[in-house]
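> Any chance you can model this:
(one chain, ligands or ions: 2)
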Amino acid sequence: MLTAEEVRKHDSRRSCWVVISGEVYDVTEFLNQHPGGPASILRCAGRDATEEYEPVHPPGTIETHLDKGTIEKHLGPIDVTTLDALKAADVVAQTSRDSEELAPLPTLQNLDDFESEARKIVSKKAWVYFSSSADSTTAHARNRLDWTRVNFRPRILRNVGKPVSMRRRIMGHDSSLPFFIAPAAQARLGHPEGELCLARGAARYNIPYCSSTYSSIAHKDLAKCLAEERKGGALLWQLYVPIATENAKSLIAEAKKLGFKALVITVDSAVIGRREEDDRYKAELDHAAGIELARSANPAGAAPILRGAHSSTLNWDDLTWIRQAWNDTGPVILKGIQTAEDALLAAEAGVDGIYLSNHGGRQLDYAPSSLQTLLEIRKFYPHLLETLEIYLDGGVMRGTDILKAICLGATAVALGRPFMYALTGYGTAGVCKAIEILSDQMETSMRLMGVTELSQLTEFYVNTAILEQELPRRIDQRDGNAGKVSSKL
Ligand code: HEM
Ligand SMILES: Cc1cc2nc3c(=O)[nH]c(=O)nc-3n(C[C@H](O)[C@H](O)[C@H](O)COP(=O)(O)O)c2cc1C
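Ligands and ions are numbered 1, 2, ... in the order given. The predicted model follows:
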């Protein structure tokens, strides 16, 4: 049996050992293959990495890689009585949650409240990961701002005393509400039960949950959780296409095997965006740990250094083998469409739906808000609204935002950060309360607009004049079928 003293000696690039759940691994050769980059492991070198590792990786990650031979050296168990000496002080501090500080859940009134409550107790690592957005953060700010720039045109004197129906078919699922939970990785950074809280919330309110490729709870456990709830809901599989095609195919095979209802392929992440707050925090940790990793040096002629672990070569042709692997198991949706041109290409590629998103402003800064993209599609390729399912996300904080999207022809809307904040503070109960708040906000607003069913909402219920002034005057119509243009604006 190994001791802490022995492990501590292997704390560098030359020899890097880590302890995870009481087992010691030699990961020296794995460092440069680590999909999260070598620095994240080097920060834990010679230490107990369990607290850093667990919230980010689903159970079984190491075992799978041991089987595949990517990680070769399982050195055996550590003497647990010596383990405390191997924990980093900051990790211990970061994981302490003092829920005493939180406002009682029933007093929360809107989704902003969840954000401010979560901030009180969340670790710095989780906060920068959840909240950060790319570069100048303008895309993120605009996501939120643009919802405020659309006004309603309510109708009066209509009988709105009857029950309000908000049902919508979302990616093949009959959802009770016209929104779903967007994919967001590493939920266990916020709460020990992580993504399970999201799956339970989705089941209890019968809405879909699109889980991330990087779910920190194993997908099979999410499927099990949904089945155990026996209430409703549906699981959708978000796919980041990995660099190796065989890895992508095995993820798709897993999605099929576990009964996920739709394949949501994220197409806005050829490289990972520069989220400065996140990168600054990691650089601070690296600096404190004495880790220096040259990133930008790229000698002329050498292959470019790309950020992240996803395929940077992904292109429209790849949709063919991806769809063959998925084999019509359910709808295929492209997540991250940001222009009318790409919406048209997506339709021509035969996908079932498009998901307008700039990744919560975390990828390309100054990318258009999904609301702008929706208006752009309405202006240049309005027929797509009839032929494609249209989903969107980014900055959605209120039921009124969801209604605005529905008026403009969206099938449904998704929310990312708000649910991460809800689970961080309050676990499953927080997720359920967030869904209730949105549902309540929508119901009241629908009655005040003079409708009781989503199908009654049309473009005439919103005034988008301000945003329309900012639409591009022309788009590149060389690729698509320009003959179909007959503007809805
Ligand atoms: C063997 C010990 C391992 C340790 C100590 C470790 C540690 C970490 C840490 C601390 C992070 C967080 C990065 C950050 O926030 O800066 C991370 C990220 C990541 N790790 Fe590991 N890891 C290990 C093995 C693996 C394996 C076997 C895989 C295989 C898939 C993997 C995949 C990833 C991915 C994809 C991320 C990035 C997640 C994201 O950015 O959303 N890791 N790892
Ligand atoms: C913490 C976090 C993690 C995310 N992880 C993923 C992911 O794994 N896959 C993905 O397609 N999108 C991911 N996203 C983007 C969301 O799916 C969604 O597009 C975005 O959060 C919507 O913006 P909102 O946070 O303003 O609602 C992530 C977003 C956040 C905030």
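> burial measure for Glu246, as a count.
8 (other CB atoms under 10 Å). C-betas here are computed from N, CA, C, even on glycine.
> so which residue of the protein comes closest to ligand 2?
Taking CB to the nearest ligand atom as the measure, the point where the chain comes nearest ligand 2 is Gly416, at 2.1 Å.
> count of residues packed around that residue?
Neighbours around Gly416, by other CB under 10 Å: 21.
> State the distance from the closest residue to it other than its chain neighbours to Cys44.
Leaving out its chain neighbours, the residue that sits closest to Gly416 by CB to CB, 6 or more residues apart in numbering is Ala182, at 4.0 Å. Per CB to CB, to the nearest Å, Ala182 is found 29 Å from Cys44.
> Downstream of the biggest helix by length in the chain, the next helix or strand is which one?
Ranked by residue count under DSSP state H, the longest helix found in the chain is helix 417-449. Per DSSP states H and E, the first helix or strand lying C-terminal to helix 417-449 is strand 462-463.
> helices or strands next to that next one in the packing?
Secondary-structure packing of strand 462-463 (3 or more CB pairs under 8 Å, 6 or more residues apart in numbering; DSSP states H and E): strand 151-152.
> Give the other helices and strands that the strand it packs on contacts.
Using 3+ CB pairs under 8 Å, 6+ apart: strand 151-152 touches helix 399-407, strand 462-463.
> got the CA coordinates for the longest one in CSV?
Coordinates of the C-alpha atoms in helix 399-407 are reproduced here as CSV (Å, rounded to 0.1, in the frame of the first residue of the first chain):
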residue,chain,number,x,y,z
GLY,A,399,-41.3,33.9,-19.0
THR,A,400,-41.9,37.0,-21.1
ASP,A,401,-38.6,36.3,-23.0
ILE,A,402,-40.0,32.8,-23.8
LEU,A,403,-43.3,34.3,-25.0
LYS,A,404,-41.4,36.8,-27.3
ALA,A,405,-39.6,33.9,-28.9
ILE,A,406,-42.8,31.9,-29.4
CYS,A,407,-44.5,35.0,-31.0
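> How about it and ligand 2, any contact?
No - using CB under 6 Å from any ligand atom, helix 399-407 never reaches ligand 2; the gap is at least 9.9 Å.
> Low-confidence bits of this protein, can you list those?
Where the chain drops to pLDDT under 70, the residues are 88-97, 293-306, 479-487.
> Walk me through the domains of it.
Using automatic domain parsing, the domain parsing of the chain gives 4-94, 117-290+307-471.
> burial count for the residue in the stretch 1-150 of the chain positioned nearest to ligand 1?
Distance from ligand 1 to each residue of the stretch 1-150 of the chain (CB to the nearest ligand atom) is smallest for Gly36, at 2.4 Å. Other residues near Gly36 number 13, with proximity taken as other CB under 10 Å.
> helix/strand/coil for it?
At Gly36, secondary structure determined by DSSP: H, G, I helix; E, B strand; the rest coil is coil.
> picking that back up, check contacts around the residue of the chain closest to ligand 2.
Neighbouring residues of Gly416 by CB atoms under 8 Å, 6 or more residues apart in numbering: Ala182, Pro183, Ala184, Gly360, Asp393.
> what kind of secondary structure is the residue of the stretch 201-350 of the chain found nearest ligand 1 in?
Distances between the stretch 201-350 of the chain and ligand 1 by CB to the nearest ligand atom are smallest at Tyr214, namely 4.2 Å. At Tyr214 the chain is in coil, as set by three-state DSSP.
> give me phi/psi at it?
Main-chain dihedrals, Tyr214, degrees, to the nearest 10: phi -100, psi 40.
> tell me the secondary structure for the residue of the chain most remote from its centre?
Computed with CA atoms, centre = their mean, the maximum C-alpha offset from the centroid of the chain is found at Leu157, amounting to 41.1 Å. At Leu157, secondary structure determined by three-state DSSP is coil.
> Quick check: it vs ligand 1, distance?
Plainly put, Leu157 is 52 Å away from ligand 1 if you go by CB to the nearest ligand atom, to the nearest Å.
> Most tightly packed of the domains of the chain?
Across the domains of the chain, averaging neighbours per residue (mean count of other CB atoms under 10 Å) puts domain 117-290+307-471 on top, at a mean of 20.
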